[in-house]
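Engineer: sequence and predicted structure are below.
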Amino acid sequence: MRPFSPLLVAALALSPVPAALAQSAAPPAAASPLGGGPGGDMTESVVATVNDDVISTYDIVQRMRLLVVTAGIQPTQQNLPALQQEAIRSLIDEHLELQDLREEGKTQKFDLIASDAEVDDEIAQIARSNNTSSTQLLTQLAAQGVGPQTLKDQLRAEISWRGWIRGRYGQRLEVGEDQIKAFQKRQEAEANKPQYQVSEIFIDASRAGGEAQAVQGATELIAQIKNGAPFAAVARQFSNSPTAAAGGSVGWITPGEMPPEVDSALDNLRPGQLSDPIPTKDGAYIILLQDRRAGGATVVVHLEQAAIGLPKTATPTEVAAAAAKLTALRAKLHGCDGMEAAAEKIPGVVAGDLGEAEVKDLAPAFRDAVDTMTTGEVSEPIRTDAGLHLIAVCDRHLGGAGILTPAQIKDRLFGEELAMISKRALRDLRNQATIETR
């Protein structure tokens, strides 16, 4: 589902909609809430039916106006068909979501549809983020021909479906330490690759009606962005990626995190440049390259050690005796936990926390060992001019700008999993539904 995010006040200064959108401008005598059945003025023609729900010409025109205002695009006779198709697709999805939630609510004997108060709170939050009030926001929308119920219907569907997906699957969905470590290992392996700060708009081919339609839709959006539509606002309303809620912001990435077609395009973009449509097997991307930088993230480790002091002139017998002590100690250790306490029980062994350091700054013998070690691992005895050492890796992570912390990685993976669940659930609803367009 395409998440809804705060409206841009600048987009509300849009010039009046053209005559093609002015038709059906007046609302029906009694417009029904989304999903509430036909209702309203029966002179309104039916554009689509979703199971037992009707989508009218008034619904479509209102949603088109909302898309125009919130995305900051300029409607033309050329892009009106694409706007109409997006409006129809959005309304169909929202009807399917609310129908499913009503049925689930009956089963669970609990209302899963967002209340008026929740919708009003969301509008107030949108208004605050744009330094205005709810009343002023709705007044500005009305000046552009968008009725307040149109915005409320979209928000009601968004809030309800988002809450249901998170409530039903969020508690059962776990991002394991193995997933986080795999992500960290991938970050570490790619630390020296070029890094790109990007924003994206993704047009899903399955939702657009095919790859050609996805590319055409991307082409039309690029034209709007080049004519002044804010990239973030367009992403919020038209992108089918989970990043739509953040205005399409992906953040810093390295090659391999996005489809190979996008990686190839990034090589040819300059900071601030917008890509052409990038076709992939799943749809089409629009990429805005915000910035780029050379690789150079550093590997940082937190170490503890247990050591026996030995001069450089120590005899082989002395070195062997010290090594035997440390080998016996190593067999009792589980990473850094309890290293100092265990070392205190062995005469001549001194243990301590070495703190954090970049791997490149370690002594050569330590660096060679740490390069092959993972978090929680304890080395074999290491000989230096000062003695024999065991080192344990307590933590290992990347340092430098743009590197995600374990908590950030967990949030990112969790959000991606929920987005995939939501997408599959909506796809299943479409496959099971009776949908007719006229």
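Structural biologist: Yep, it's here. If you're wondering where the values come from, they're calculated on a predicted model, not measured in any experiment.
Engineer: alpha carbons of the helix or strand that contains A365, as PDB, please.
Structural biologist: Assigned by DSSP states H and E, A365 belongs to helix 364-370. What follows is helix 364-370, C-alpha atoms only, in PDB (Å, rounded to 0.1, in the frame of the first residue of the first chain):
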ATOM      1  CA  PRO A 364      50.200  -5.900  13.300                       C
ATOM      2  CA  ALA A 365      49.900  -9.100  15.200                       C
ATOM      3  CA  PHE A 366      46.600  -8.100  16.700                       C
ATOM      4  CA  ARG A 367      45.300  -6.800  13.400                       C
ATOM      5  CA  ASP A 368      46.100 -10.000  11.600                       C
ATOM      6  CA  ALA A 369      44.200 -12.000  14.200                       C
ATOM      7  CA  VAL A 370      41.200  -9.700  14.400                       C
END
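Engineer: what pLDDT, on average, does it get?
Structural biologist: Across helix 364-370, the average pLDDT comes to 92.
Engineer: what packs against the strand or helix carrying I92?
Structural biologist: I92 is part of helix 80-108 when elements are defined by DSSP H and E. Secondary-structure packing of helix 80-108 (3 or more Cβ pairs under 8 Å, 6 or more residues apart in numbering; DSSP states H and E): strand 46-50, strand 53-56, helix 57-71, helix 148-169, helix 211-226, helix 406-432. All C-beta atoms are positioned from the backbone trio N, CA, C, and that covers glycine.
Engineer: quick one: average pLDDT of the longest one?
Structural biologist: When pLDDT is averaged over helix 406-432, the result is 90.
Engineer: ok, the fifth one next?
Structural biologist: For helix 211-226, mean pLDDT rounds to 94.
Engineer: can you check stretch 391-399 too?
Structural biologist: Per-residue pLDDT over stretch 391-399 has a mean of 85.
Engineer: report the buried residues of that stretch.
Structural biologist: Neighbour counts over stretch 391-399 (16 or more other Cβ atoms under 10 Å) mark I391, A392, V393, C394, R396, H397, L398 as buried.
Engineer: can you flag which of those residues belong to strands?
Structural biologist: Counting by DSSP state E, those place I391, A392, V393, C394, R396, H397, L398 in strands.
Engineer: pick out whichever of these sits closest to A331.
Structural biologist: Taking Cβ to Cβ as the measure, A331 lies nearest A392 of those, at 13.3 Å.
Engineer: who does the closest one bridge with?
Structural biologist: E304, V378 (DSSP bridges).
Engineer: what's in contact with stretch 368-388?
Structural biologist: With contact meaning Cβ atoms under 8 Å, 6 or more residues apart in numbering, stretch 368-388 is reached by 181, 301, 303, 307-310, 312, 319, 322-323, 326-327, 330, 333-336, 339, 359, 362-363, 365-366, 389-396.
Engineer: now do stretch 302-310
Structural biologist: Contacts for stretch 302-310 (Cβ under 8 Å, 6+ apart): 318-319, 322, 325-326, 329, 336, 339-340, 342-343, 348-357, 366, 370, 386-396.
Engineer: repeat the analysis, applying 6 Å as the threshold.
Structural biologist: Here stretch 302-310 makes contact (Cβ atoms under 6 Å, 6 or more residues apart in numbering) with 322, 336, 339, 343, 348-351, 353-354, 356, 387-392, 394-395.
Engineer: please apply the same query to stretch 330-346.
Structural biologist: Taking contacts as Cβ under 6 Å, 6+ apart, the residues outside stretch 330-346 that touch it are E304, A306, K325, L329, V349, A351, G376, V378, L390, A392, C394.
Engineer: now the buried members of those residues.
Structural biologist: Applying 16+ other Cβ under 10 Å to the contacts of stretch 330-346, the neighbour count classes E304, A306, K325, L329, V349, A351, V378, L390, A392, C394 as buried.
Engineer: farthest-separated two in the residues you listed?
Structural biologist: Largest separation among these by Cβ to Cβ: K325 and C394, giving 22.0 Å.
Engineer: coming back round to it: which one of the ones in strands among the buried residues of stretch 391-399 is nearest I55?
Structural biologist: Nearest member of these to I55, counting by Cβ to Cβ, is L398, at 49.4 Å.
Engineer: my read is that the closest one contacts K185, right?
Structural biologist: No. In this structure, L398 is not within contact of K185 by Cβ atoms under 6 Å, at 10.2 Å.
Engineer: now do the shared contacts for the two.
Structural biologist: Shared contacts of L398 and K185, defined by Cβ under 6 Å, 6+ apart, are absent.
Engineer: show me what contacts Q85?
Structural biologist: If a contact means Cβ under 6 Å, 6+ apart, then Q85 has no contacts.
Engineer: give me the distance between it and E220.
Structural biologist: From Q85 across to E220, the span is 11 Å (Cβ to Cβ, to the nearest Å).
Engineer: I'd like the buried ones among the contacts of stretch 330-346 laid out as TSV, including distance to P230.
Structural biologist: Shown next, in TSV, are the buried ones among the contacts of stretch 330-346 (distance: Cβ to Cβ, whole Å):
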residue	distance to P230
E304	51
A306	58
K325	67
L329	62
V349	63
A351	58
V378	54
L390	57
A392	51
C394	46
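Engineer: hey, where'd the strands end up in the stretch 201-350 of the chain?
Structural biologist: In the stretch 201-350 of the chain, the strands defined using DSSP state E, counting those that start in this stretch lie at 249-253, 278-279, 283-293, 298-309, 350-358.
Engineer: could you dump those strands to CSV with distance to V69 and mean pLDDT?
Structural biologist: Converted to CSV, the strands of the stretch 201-350 of the chain look like this (distance: least, Cβ to Cβ, whole Å; pLDDT from 0 to 100):
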stretch, distance to V69, mean pLDDT
strand 249-253, 22, 88
strand 278-279, 28, 96
strand 283-293, 21, 93
strand 298-309, 46, 90
strand 350-358, 50, 91
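Engineer: out of these, nearest to K423?
Structural biologist: Ranking the strands of the stretch 201-350 of the chain by proximity to K423 (Cβ to Cβ) places strand 283-293 first, at 12.0 Å.
Engineer: centre of the chain to that closest one, how far?
Structural biologist: 15 Å (Cα atoms, centre = their mean, to the nearest Å).
Engineer: hang on, the earlier thing: just the buried ones among the contacts of stretch 330-346 now: which is nearest S239?
Structural biologist: C394 (40.9 Å).
Engineer: that closest one: what's it in contact with?
Structural biologist: By Cβ under 6 Å, 6+ apart, the neighbours of C394 are H302, E304, C336.
Engineer: which one of the buried ones among the contacts of stretch 330-346 is nearest N431?
Structural biologist: Using Cβ to Cβ, C394 is the member of those that lies nearest N431, at 50.0 Å.
Engineer: for stretch 300-315, buried residues please.
Structural biologist: Quick answer for stretch 300-315 (16+ other Cβ under 10 Å): V300, V301, H302, L303, E304, Q305, A306, A307, I308, L310, A314.
Engineer: now do the first one against C336, distance only.
Structural biologist: Separation of V300 from C336 (Cβ to Cβ) stands at 15 Å.
Engineer: alright, that wraps it up for me.
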